[in-house]
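Undergrad: Output the structure for:
(one chain, ligands or ions: 1)
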Amino acid sequence: MHGLIQVAGIIDQAEADMIIEEGADWLGFALRLPAKNEDLSEADAAAIVKKIQPAHKGVIITYLTDADEIKAFCAEMGVDAIQLHGDITPAELRKLRGIAPELYLLKSLVVKTDNIGELTGVVEHAAEWVDMFITDTFNPATGAKGATGLVHDWDISAELARVSPRPLMLAGGLTPDNVAAAIEKVRPAAVDAHTGLENATRRKDRLKVRKFVTESRKAFAHIAAQV
Ligand SMILES: O=C(O)c1ccccc1N[C@@H]1O[C@H](COP(=O)(O)O)[C@@H](O)[C@H]1O
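TA: Below is the predicted model of the structure:
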């Protein structure tokens, strides 16, 4: 899997349709968050997921950490991919892999200024049980671990991409204007953006999504040509 583009924080069917039309691959639905600030209901998300064609994927983004609960939630939502943004343990990931081997598991690595050692440890202990890692940015001012709109030190993500036996998705403050530089620097397998694609009314902007997809595809092709 290389050159994959995810857009997160889907709000409704019209937004999902527009993002697919503009060429993104996966759609991320943020649900069961600690702050209970979801952008849409679980029923609405499930209805959108149901209409996604097989070339694309609906991914649930959540802070759930209990394997049984995650499996049940994915079945309820009709998804076969989940992005685990909370502090799920390697033991629980192992259990989840055992009880739901068909699920595609993305595990977040939330980048701070001083936690590269901790994150390489997570990669080492969790890699056996996940399909992909996703680096995202910690916001020390709010404690938020996702949808912060903030970039982090891309050297850290580049190092994690280098040492990880699993593909890495890069996220955190990506926009149509910085995504090409980010891909060149980090050399990830995938990219993901949320707030950097929104307009002033917090809706995804078609032209921003279009440019994000075009710039990402160009940069992925460029790094693939270098190997
Ligand atoms: O998308 C969300 O609403 C969300 C909520 C809670 C945790 C993670 C979330 N999404 C992830 O946030 C980053 C990108 O955000 P941004 O581009 O910096 O705004 C990405 O991992 C999303 O999948």
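Undergrad: near the ligand, which residues of the chain?
TA: Proximity of the chain to the ligand (Cβ under 6 Å from any ligand atom) is limited to residues 8-9, 28, 30, 33, 61, 83, 85, 134, 136, 146-149, 171-174, 192-196. Placement of C-beta: from N, CA and C, glycine included.
Undergrad: Any buried residues in the strand or helix carrying residue 44, and which?
TA: For residue 44, the element it lies in under DSSP states H and E is helix 42-51. Using 16 or more other Cβ atoms under 10 Å as the test for burial, helix 42-51 gives 44-46, 48-49.
Undergrad: Setting aside sequence neighbours, what's the nearest residue to residue 38?
TA: residue 31 (5.5 Å; Cβ to Cβ, 6 or more residues apart in numbering).
Undergrad: residue ranges for the helices of the chain, please.
TA: 13-21, 42-51, 67-77, 90-99, 116-126, 154-163, 179-186, 206-226 (DSSP state H).
Undergrad: hang on, the earlier thing: next, the angle helix 13-21 makes with the helix holding residue 44.
TA: Put simply, helix 42-51 runs at 30 degrees to helix 13-21, going by axes from the mean of the first three to the mean of the last three Cα atoms, to 10 degrees.
Undergrad: how far is helix 42-51 from where the chain is centred?
TA: 18 Å (Cα atoms, centre = their mean, to the nearest Å).
Undergrad: mean confidence score for it?
TA: Computed over helix 42-51, the mean pLDDT rounds to 97.
Undergrad: buried residues in stretch 110-118?
TA: 110-112, 116.
Undergrad: From the rest of the structure, what touches the longest strand along the chain?
TA: Ordering each strand of the chain by length in residues (DSSP state E) puts strand 104-111 first. The contact list for strand 104-111 (Cβ atoms under 8 Å, 6 or more residues apart in numbering) reads 57, 59, 80-86, 88, 93, 96-97, 119, 122-123, 126, 129-138, 145-146, 152-153, 156-157, 160, 169, 172.
Undergrad: Let me know the angle separating that strand from helix 154-163.
TA: 140 degrees.
Undergrad: Just checking: what are the partner strands of strand 104-111?
TA: Here strand 104-111 is paired, per DSSP bridges, with strand 81-84 (parallel), strand 132-137 (parallel).
Undergrad: Could I get those in CSV, plus columns for mean pLDDT?
TA: Formatted as CSV, the strands paired with strand 104-111 follow (pLDDT from 0 to 100):
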stretch, mean pLDDT
strand 81-84, 98
strand 132-137, 98
